[in-house]
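A.B. asks: Mind looking at a prediction? Sequence and model below.
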Amino acid sequence: MTASLTSRATPGSKYGQWAVVTGASDGIGKAFSELLAQAGFNLVVAARRQDVLAGLAKHLSNSHGIEVRPVACDLGRPEGISLLEAATKELNAGLLVAAAGFGTSGPFLSSDLNAELGMIDVNCRAVTALAHAFGNRFVRRGGGGIILLSSLVAFQGVPRAANYAATKAYVQTFAEGLRQELSGSGVEVLAVAPGPVRSGFGQRANMQMGMAQTPAEVARGALRAIGTRGTVRPGFLAQFLELSLKPLPRWGRVRVMGLVMSGMTKHQNPAAQS
């Protein structure tokens with residue numbers, strides 16, 4: 001598959017020679033890394049696991065003849081964000097893919113509060129800080145692209161994933177506003193709103209998914225859409241689910257998503273299955 005068929009983002013003056021991908025060790029972030037390497041970008045790949053990043057960097061470099069710099073950092077901590085900013089400061093980077101994030105599920109009042117607050121740090125605080133740092137850098141260089149990971153759950157409240165959906169609603173709203181602010185600067189902003197995705201996300205969030213998209217489908221749809229619109233729902237599943245929910249009033253969407261999440265989290269309450 002050629003780069004022209006998978007991505008509108010190609011190395012050059014607009015996006016520079018380097019792309020920065022967070023959450024690169026797994027799932028959607030890893031799929032973005034594969035496609036951008038295929039398109040010819042040098043990469044800075046960031047995640048928490050140094051050993052996994054090192055293996056990914058070696059694979060991408062050997063497979064595509066590019067330079068890959070792994071940066072092991074925890075973006076839930078301010079020092080992790082600073083480390084990534086410093087590691088990319090001297091590079092001609094013009095594309096940021098902020099794919100790091102995680103979810104939780106189940107009744108909010110029964111959840112681990114530290115995990116819920118940590119999710120806000122990674123899904124919202126880190127995204128805001130990175131968009132500020134790289135957005136300023138891209139404006140100064142006269143062009144670039146920022147890809148932020150929203151979700152189907154961003155467009156209404158979701159019982160049993162209330163805080164996770166709220167973090168994605170923040171990302172969606174933030175991307176929409178930032179895109180307008182940067183209009184005319186040469187910097188493109190894209191919110192990517194997939195449905196359920198088959199990756200390590202579901203396991204960490206303790207959700208069991210039936211239908212799910214592949215990470216590659218999500219990444220490919222995003223890279224085809226950047227610069228053409230503000231939000232993309234990549235793949236048939238995301239578009240089908242959105243069309244199914246769109247005619248409903250907001251309270252109706254909340255009810256439907258609550259039923260969906262009840263199915264995905266039914267295993268958390270074995271007594272309810274007996």
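C.D. replies: Looks like it arrived, so ask away. Residues are numbered from 1 along each chain as shown.
A.B. asks: Relative to residue 219, how far out is residue 39?
C.D. replies: Counting by Cβ to Cβ, to the nearest Å, the gap between residue 39 and residue 219 amounts to 11 Å. No exception for glycine: its C-beta is placed from N, CA and C like everyone else's.
A.B. asks: For those two, work out which one has more neighbours and name it.
C.D. replies: Neighbours were counted for residue 39 and for residue 219 using other Cβ atoms under 10 Å; residue 219 has more, 29 against 22.
A.B. asks: Could I get the average pLDDT for whatever helix or strand that one lives in?
C.D. replies: Secondary structure from DSSP states H and E places residue 219 in helix 215-225. For helix 215-225, the mean per-residue pLDDT is 94.
A.B. asks: Show residues contacting that helix.
C.D. replies: By Cβ atoms under 8 Å, 6 or more residues apart in numbering, the list of residues contacting helix 215-225 from outside reads 6-9, 27-28, 30-32, 34-36, 39, 147, 190, 192, 194, 197-199, 232-235, 238.
A.B. asks: Ramachandran coordinates for residue 189?
C.D. replies: Dihedral pair for residue 189: phi -130, psi 130, per degrees, to the nearest 10.
A.B. asks: which residues of the stretch 1-150 of the chain score low on pLDDT?
C.D. replies: Scanning the stretch 1-150 of the chain for pLDDT under 70 picks out the ranges 1-7.
A.B. asks: rerun that using 80 as the cut-off
C.D. replies: 1-8 (pLDDT under 80).
A.B. asks: In the protein, where's the longest helix?
C.D. replies: Determined from DSSP state H, the single longest helix within the chain is helix 162-181.
A.B. asks: Who are the packing partners of that one?
C.D. replies: helix 113-120, helix 126-141, strand 144-149, strand 187-192, strand 231-232 (3 or more Cβ pairs under 8 Å, 6 or more residues apart in numbering; DSSP states H and E).
A.B. asks: would you list those in a markdown table and tack on distance to residue 82?
C.D. replies: Below are the helices and strands packed on helix 162-181 laid out as a markdown table (distance: least, Cβ to Cβ, whole Å):
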| stretch | distance to residue 82 |
| --- | --- |
| helix 113-120 | 18 |
| helix 126-141 | 9 |
| strand 144-149 | 19 |
| strand 187-192 | 22 |
| strand 231-232 | 30 |
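A.B. asks: I'd like the ones you listed as a markdown table, with mean neighbour count and distance to residue 166 appended.
C.D. replies: Formatted as a markdown table, those follow (neighbours: other Cβ atoms under 10 Å; distance: least, Cβ to Cβ, whole Å):
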| stretch | mean neighbour count | distance to residue 166 |
| --- | --- | --- |
| helix 113-120 | 14 | 8 |
| helix 126-141 | 19 | 13 |
| strand 144-149 | 26 | 15 |
| strand 187-192 | 26 | 15 |
| strand 231-232 | 20 | 18 |
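A.B. asks: For residue 71, which of those is the nearest?
C.D. replies: helix 126-141 (12.2 Å; Cβ to Cβ).
A.B. asks: Specify the angle between the closest one and helix 162-181 in degrees.
C.D. replies: When axes from the mean of the first three to the mean of the last three Cα atoms, to 10 degrees is applied, the directions of helix 126-141 and helix 162-181 differ by 10 degrees.
A.B. asks: Residues touching helix 126-141, excluding its own?
C.D. replies: Taking Cβ under 8 Å, 6+ apart as the rule, helix 126-141 contacts 16, 20, 22, 75-76, 78, 80-81, 84-85, 92-94, 96, 98, 100-101, 144-146, 148, 171, 174, 178, 182, 185-187.
A.B. asks: sorry, back to before: nearest to residue 251, out of the helices and strands packed on helix 162-181?
C.D. replies: strand 231-232 (22.3 Å).
A.B. asks: Can you list the strands that that closest one pairs with?
C.D. replies: Strand 231-232 pairs in its sheet with strand 187-192 (parallel), by DSSP bridges.
A.B. asks: Render the CA-only coordinates of the partner strand in PDB, please.
C.D. replies: Only the C-alpha atoms of strand 187-192 are listed here, as PDB (Å, rounded to 0.1, in the frame of the first residue of the first chain):
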ATOM      1  CA  VAL A 187      -1.700  24.700  11.300                       C
ATOM      2  CA  GLU A 188      -4.500  22.100  10.900                       C
ATOM      3  CA  VAL A 189      -6.300  20.600  13.800                       C
ATOM      4  CA  LEU A 190      -8.300  17.300  13.600                       C
ATOM      5  CA  ALA A 191     -10.400  15.500  16.100                       C
ATOM      6  CA  VAL A 192     -10.700  11.800  15.500                       C
END
